[in-house]
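Colleague: Need a 3D model of the following:
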Amino acid sequence: MRICSFLPSATEIVYVLGLQEQLFGVTHECDYPGDAKDKPWVVRSVFDGMDPQPSSGEINRVISERLEQGLGIYEIDQEVMQAAAPDLLLTQAICEV
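Modeller: Take a look at the predicted model:
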């Protein structure tokens with residue numbers, strides 16, 4: 001089985017279950033256990049790589065605009081996703097705030 005995790009807590013569960021060798025993609029936020037940082041990022045924030053980092057006001061503006069347009073605040077790296085060819089995606093619905 002090939003697994004991709006879109007959620008840091010799900011990544012941790014994969015490791016607890018001893019399935020880390022079947023994990024082929026994680027999010028930019030997956031940093032525990034340490035080995036998870038070495039997995040390819042299949043999900044990243046729309047703000048990754050922005051230099052300089054946006055202010056909190058700019059972040060709020062961008063997120064509000066994206067949500068109004070029906071877009072998310074994360075992006076799936078299609079190339080990494082295709083290479084991972086997962087059988088199982090671990091994710092959750094976005095919580096309303």
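Colleague: Quick one: the helices in the chain, in order.
Modeller: 8-16, 56-68, 78-84 (DSSP state H).
Colleague: Among the ones you listed, which comes closest to Val43?
Modeller: Counting by Cβ to Cβ, Val43 lies closest to helix 78-84 out of these; the figure is 8.8 Å. Glycine gets a C-beta too; all of them are placed from N, C-alpha and C.
Colleague: what packs against the closest one?
Modeller: strand 23-27, strand 41-45 (3 or more Cβ pairs under 8 Å, 6 or more residues apart in numbering; DSSP states H and E).
Colleague: Can you tell me which of those strands is most buried?
Modeller: strand 23-27 (a mean of 24; mean count of other Cβ atoms under 10 Å).
Colleague: Tell me the strands beside that one, with direction?
Modeller: Take DSSP bridges as the rule and strand 23-27 pairs in its sheet with strand 3-5 (parallel), strand 41-45 (parallel).
Colleague: which one of these lies closest to Asp87?
Modeller: Using Cβ to Cβ, the nearest of these to Asp87 is strand 3-5, at 7.3 Å.
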